[in-house]
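Chemist: Just a sequence and a predicted model for now, questions to come.
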Amino acid sequence: MKTTGCPSLPPELWCHIASFLTPKTLQHAKSINRVLFDLAMNERYRAVRIEEASGNLGHVLEVLRSVLYISNHTNSRNLT
C-alpha cells in the first residue's frame with residue numbers, strides 16, 4: 001500500500017519531534033503540517049518591536065496583544 005504525505009501523529013508528538021530541530025530546520029519543516037507551521041511561526045516571530053505607535057495603529061497593537069495573549073499556549077511571545 002502506497003502512502004502519501006506525513007504521518008498522522010498527535011500534536012504533542014510533533015511538538016516533541018520539533019524540540020530536537022534547530023530554528024533553521026524548523027523553518028524548513030513548516031510546510032509539513034499545521035503543528036510545525038505554528039511552531040515555526042512562534043519561533044520566527046517570538047519578539048516583535050514597533051518603534052512608533054499612534055492613533056489607529058495603537059489600537060491595532062492592543063488588539064494584537066490580546067489575541068497573542070489568548071492564543072499563547074505553547075510559547076511566550078513579546079509584542080512591544
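Modeler: Structure received.

Chemist: and Leu36, how far is that from Cys6?
Modeler: Using Cβ to Cβ, to the nearest Å, we find Leu36 at a distance of 9 Å from Cys6. (Glycine included, C-beta is placed from N, CA and C.)

Chemist: who has more neighbours, these two?
Modeler: Neighbour comparison, Leu36 and Cys6: the larger count goes to Leu36, with 22 against 12 (by other Cβ atoms under 10 Å).

Chemist: For the more buried one, what is the enclosing helix or strand?
Modeler: Using DSSP states H and E, Leu36 sits in helix 34-44.

Chemist: Now do that helix: distance to the chain's middle.
Modeler: 4 Å (Cα atoms, centre = their mean, to the nearest Å).

Chemist: what's the following helix or strand after it?
Modeler: As assigned by DSSP H and E, the chain's next helix or strand after helix 34-44 is strand 47-48.

Chemist: mean confidence score for that following strand?
Modeler: Throughout strand 47-48, pLDDT has a mean value of 76.
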